[in-house]
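*Asks:* Kindly return the folded structure for what I paste below:
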Amino acid sequence: MGSHRWYTGAQRWRLTALLGVCVTALALLVTLLNTLPGRGADTSGTTRDGARAHGTPAAPTGPVRPDVGWGFTHTQYSADQGGGSDRVARLLKGDGGLPQDQAVMGWGADNPEPVKGHYDFGALDRRIDFIRASGGTPVITLCCAPDWMKGGKAGVGATDWSQGSLERAPDPEHYQDFADLAATVARRYPDVRHFVVWNEFKGFWNEGEGRWDYEGYTELYNLVRAALKKADPDNMVGGPYLPMDSVDPRADHASAQVRGPWGAMDQRVLDAFDYWNAHKSGADFVVVDGSSYTNDDELLPDEFAATAKFTAVGEWVRGRTHDLPLWWAEYYVEPADSQDRREGWSEDRRIAVHATGLIAMAQGGADSGFYWNPEKKSGADCPGCLWTPTGDADGGRALPMYGLISRFGKAFPPGTRYEKLSAAPGLRVLASRDTALVVNTLDRPVSARIDGKRFRMRGYEVKWLDR
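*Replies:* Here you go, the predicted structure:
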């Protein structure tokens, strides 16, 4: 009896304790729910089913390759809207389609996940629809992150689009949330098979140590890659999309090894690349970006010779990655003004320097690259654009830069075997068995003799030869 009474008392004590624990746990749960990202935030117009496949994905045409060729990146105003949109789609499709890159947030795409688990892919859907309609190979750059992943507010209409906010990296506790978003994007667009993780290490600068936060980026990269491979093992993933900055050879942080008449690489960039390369979980291709000019906008020793940097960087990267396919996500040959505009050169000069840059990238081992298309919303004047602004009813007409990019992509696809051709000083040449691209880097006419053919070239002329 006594034993029974003691046992019963113990039961009552345990029951009381259990009730106390439950009440405490319930209070903690309520507190947690009230502090979850997006609690009470506006979710109007969003969907919980973001991973459902959108539209009619393009049917696969063969095994997925890690290289895609030469194309362009969609920016804030692109060809997916306006009276000239269909004209550009037909133009691209008629040329066999070009690889096209689009960011998941920003540069024309809205916040894809304004509240955790609530998705808004309307703008991105429209861009992917355009790429499909134009016959292009779609690429998605997984940048940038919704505000709630980086200390900002959640909710439709609450996105802070300032540069400082947009270019902030996710907080480490949200790296997995960003990886989950990447997987959702991959499932929504199953015909997108190439993904670039982040953009230029935005937000990954270690202020205290004065260097890149390569540990944080690599952690994010590995989580995103794992999520994308889980979504589909055939998804192709690449990084680190580092800005391959160069400096005056006498400057602090100038590399002692990677340098030339074009300047010297910033050693802090090389250190960041080496860390990622050593600690990445894997990569299907390698992505870099950069300009031919130094951080001080110096074109060393001139605008044409400065493009040799692209060759030097390509050789250095491929030597460290065992010749993984190399992409240039962005590349610039003309310094920008304070508004990030590149409008100081004549179009002939711009095309000639740009063609020389493409030659230098190819000679450095790259077989994929994306021109950052400086599209405008409307207006006839659009320096460096691929086509006239599609916001105009008669827009969408090809401009000289489109002719260069599209022709280069068709003439020198991935896997091209290049042949050496001799040329006089002042000329740049890239040749395959069937085609030669010749650039006059001088601002005056010259008489050229290439491949047994003699011809005249105007100042800054770009010429294609059939072989």
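
*Asks:* Relative to residue 345, how far out is residue 361?
*Replies:* 19 Å (C-beta to C-beta, to the nearest Å). The way it works is simple: take the backbone N, C-alpha and C, and place the C-beta from them, glycine included.

*Asks:* more crowded one of the two?
*Replies:* Just comparing residue 361 and residue 345: by other C-beta atoms under 10 Å the higher neighbour count belongs to residue 361, 24 against 19.

*Asks:* Double-check that that one belongs to a strand.
*Replies:* No: under DSSP: H, G, I helix; E, B strand; the rest coil, residue 361 sits outside any strand and is assigned helix.

*Asks:* these two touch, right, it and residue 328?
*Replies:* Yes: Residue 361 is within contact range of residue 328, at 5.5 Å (criterion: C-beta atoms under 8 Å).

*Asks:* anything in contact with each of these two?
*Replies:* 310, 369 (C-beta atoms under 8 Å, 6 or more residues apart in numbering).

*Asks:* what's in contact with stretch 59-70?
*Replies:* 98-99, 137, 139, 191, 193-194, 234, 236, 238, 284-285, 324-325, 327, 358, 367-371, 405, 408-409, 412-415.

*Asks:* what is the rounded mean pLDDT of that stretch?
*Replies:* Averaged over stretch 59-70, pLDDT sits at 91.

*Asks:* now for that stretch, what's the gap between its first and last residues?
*Replies:* 21 Å (C-alpha to C-alpha, to the nearest Å).

*Asks:* Give the buried residues for it.
*Replies:* 65, 66, 67, 68, 69, 70 (16 or more other C-beta atoms under 10 Å).

*Asks:* Quickly note the distance from the third one to residue 326.
*Replies:* Pointing back at residue 67 there. The value you get for residue 67 to residue 326, if C-beta to C-beta is used, is 9 Å.

*Asks:* tell me, what's touching those two both at once?
*Replies:* What both residue 67 and residue 326 touch, as defined by C-beta under 8 Å, 6+ apart, is the set 285, 367, 368.

*Asks:* from those, which ones fall inside strands?
*Replies:* 285, 367, 368 (DSSP state E).

*Asks:* number of nearby residues for the first one?
*Replies:* The burial metric for residue 285, expressed as a neighbour count using other C-beta under 10 Å, is 21.

*Asks:* List the neighbours of stretch 108-119 that are in contact with it.
*Replies:* 36-38, 41-43, 46-50, 74-78, 80, 102-105, 120-124, 127, 146-148, 154-159, 177, 181, 184-185.

*Asks:* May I see the buried residues of stretch 88-102?
*Replies:* 88, 89, 91, 92, 95, 97, 98, 99, 100, 101, 102.

*Asks:* and the two most separated of these?
*Replies:* Greatest spacing in those, by C-beta to C-beta: 95 and 102 (19.0 Å).

*Asks:* Let me know the closest of the buried residues of stretch 59-70 to residue 209.
*Replies:* Once C-beta to C-beta is applied, the member of those that ends up nearest residue 209 is residue 66, at 33.3 Å.

*Asks:* and that closest one, that one's in a helix?
*Replies:* No: under three-state DSSP, residue 66 sits outside any helix and is assigned coil.

*Asks:* What separation is there between it and residue 321?
*Replies:* 12 Å.

*Asks:* now do residue 256
*Replies:* Distance from residue 256 to residue 321, counting by C-beta to C-beta: 21 Å.
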